[in-house]
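Engineer: Model the following, please.
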Amino acid sequence: MSEHHHHGGCGHGHHHHHHHHGDSENMGRAFLINFSFAILELFGGFWTNSVAILSDALHDFGDSLALGIAWGLERYADKGRTKKYSFGHKRYSVLGALITASILVLGSLGILWAAIARFMAPEPSNGLGMLGFAILGMLVNGWAVFSLKGSDSLNAKAVRLHLLEDVMGWLIVFIGSLGIYFFEWYWLDPLMSIVLALYILYNVSKTLGQTFEIFLQATPANIDTDEIKAFLLAEPAILDLHDLHLWTMDGQSHIFSVHLVVDKAHQQLADLLPIKAKLEAGLKEKGLSHVTLAFELEGSPCSLADC
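Structural biologist: Numbers count the residues shown, from 1 in each chain. So this is what the prediction gives:
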C-alpha cells in the first residue's frame, strides 16, 4: 500500500509555556493564603461553636489541598515529552482536577451528616465571632480569586470557581450570623452548612463530568468534527477521508489524526506537500495543536478503513 505519513506540529505547544508558568505561581500564592486561613477557620469554628464555619474550614482545606495538588501537578504538566510519555505530561492537570473533586465530594458528605444532626438538636453559636470570620473570609477569598485572574487552564478555572464559591459561602455565613447575633436563631447555623454542602456537591459533579470525558478520550466539546471533515474535503485533491480521531490532552491541547485519499493527479510527494501545509495551517486555526495526516492513493486498500 502506497502511503505517505506526515506528522505536523513537532514544535507545537511552546507558546503555551509562559502562561502555564504564571498559572503555577498564582496557584502557589493562592495555596499558601488558603491553607493558612483554613487552619484559622478550624479554630474559629470550634471557638464560635459554628458548624457552618467548620464546614467552610473543611471546604477551604479541600480547596487548599486541591490547590496544593493542582500547583504541584501544574508544574509537572509543563514538562515536555519523554520516552515513556510520548504525549508529555499535560494530563497531570486533569488528574489534579479529579483528585480535588473527589476530596470535595467526601468532605461535603461529611458536613451534610454533621449538619443534619446539629439541625435536629441546635446548639448556641457565637454570632459576633461568626460575623467577624465571615467578613475576614470574604476579604481573603476575594483577594485569592483576584490573584488567579488571567489563568486559563482547566485546573486554574476549577480553582477560581472554588474560591468564588467560598466568597458566596462567606456571604451566606455573614447574613446567617446576623440572625444568630440579633435573634438567636441557632438553627440557621446547621441550615447554612447544609446549603453550602449541597452547593459544593452540585458544582463538583459538573467538574467531574468534564474530567471523565477527557480521560475517556471524548471529542472536545468546542470543536465540530463535521466542520473539520467539510474543510478537508473542500480541498479538490482530497477524494475521501477515514480513520478520523480527535481527542484532547487537558481541555486545551487537542490532538487530531486522519487518513486522506488523494486523486491520481497527486501521487508524487512533491504534489502533496503544499496541500499538506495548507491543510495543517487551516486545522491549527481551528484549534488543533497536534495534527497527523496520512495520505493514501485512490483505490489502494487501507487496513483501517472501517475505523
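Engineer: Touching, residue 275 and residue 234? I think so.
Structural biologist: No: with contact defined as Cβ atoms under 8 Å, residue 275 does not count as touching residue 234 (11.7 Å). Using the backbone N, CA and C atoms, a C-beta is placed for each residue, glycine as well.
Engineer: give me the element the closest residue to residue 137 other than its chain neighbours is part of.
Structural biologist: Of all residues not flanking residue 137 in the chain, residue 170 sits nearest, at 3.6 Å (Cβ to Cβ, 6 or more residues apart in numbering). Element membership for residue 170 (DSSP states H and E) is helix 154-183.
Engineer: Give me the distance from that helix to the chain's centre.
Structural biologist: Distance of helix 154-183 from its chain centroid, counting by Cα atoms, centre = their mean, to the nearest Å, is 21 Å.
Engineer: Next: stretch 242-249.
Structural biologist: 21 Å.
Engineer: confidence score at the residue nearest to residue 137?
Structural biologist: The score at residue 170 is 90. That number is its pLDDT.
Engineer: In this model residue 56 seems to touch it, though I could be wrong.
Structural biologist: Yes: using Cβ under 8 Å, residue 170 is in contact with residue 56, at 6.8 Å.
Engineer: nearest residue to residue 256 other than its sequence neighbours?
Structural biologist: Distance criterion Cβ to Cβ, 6+ apart; nearest residue to residue 256, sequence neighbours excluded, is residue 288 at 4.4 Å.
Engineer: The one you found and residue 246: what is the separation?
Structural biologist: 7 Å (Cβ to Cβ, to the nearest Å).
Engineer: Have a look at the two and say which one is more surrounded.
Structural biologist: Taking neighbours as other Cβ atoms under 10 Å, residue 288 and residue 246 compare with residue 288 leading, 23 against 17.
Engineer: can I assume that one sits in a strand?
Structural biologist: No: assessed by DSSP: H, G, I helix; E, B strand; the rest coil, residue 288 does not belong to a strand; its assignment is coil.
Engineer: where do the contact lists of residue 170 and residue 56 overlap?
Structural biologist: residue 137 (Cβ atoms under 8 Å, 6 or more residues apart in numbering).
Engineer: Okay, residue 146 and residue 26: tell me how far apart.
Structural biologist: 10 Å.
Engineer: which of these two has more neighbours?
Structural biologist: More crowded of residue 146 and residue 26, by other Cβ under 10 Å: residue 26, with 22 against 11.
Engineer: Where does pLDDT dip in the chain?
Structural biologist: 1-22, 303-307 (pLDDT under 70).
Engineer: okay, now the domains of it?
Structural biologist: Following automatic domain parsing, one gets these domains for the chain: 14-215, 220-297.
Engineer: Can you tell me which of these is packed in deepest?
Structural biologist: Ranked by mean neighbour count, the domains of the chain are led by domain 14-215 with a mean of 19 (mean count of other Cβ atoms under 10 Å).
Engineer: Sweet, I'm off.
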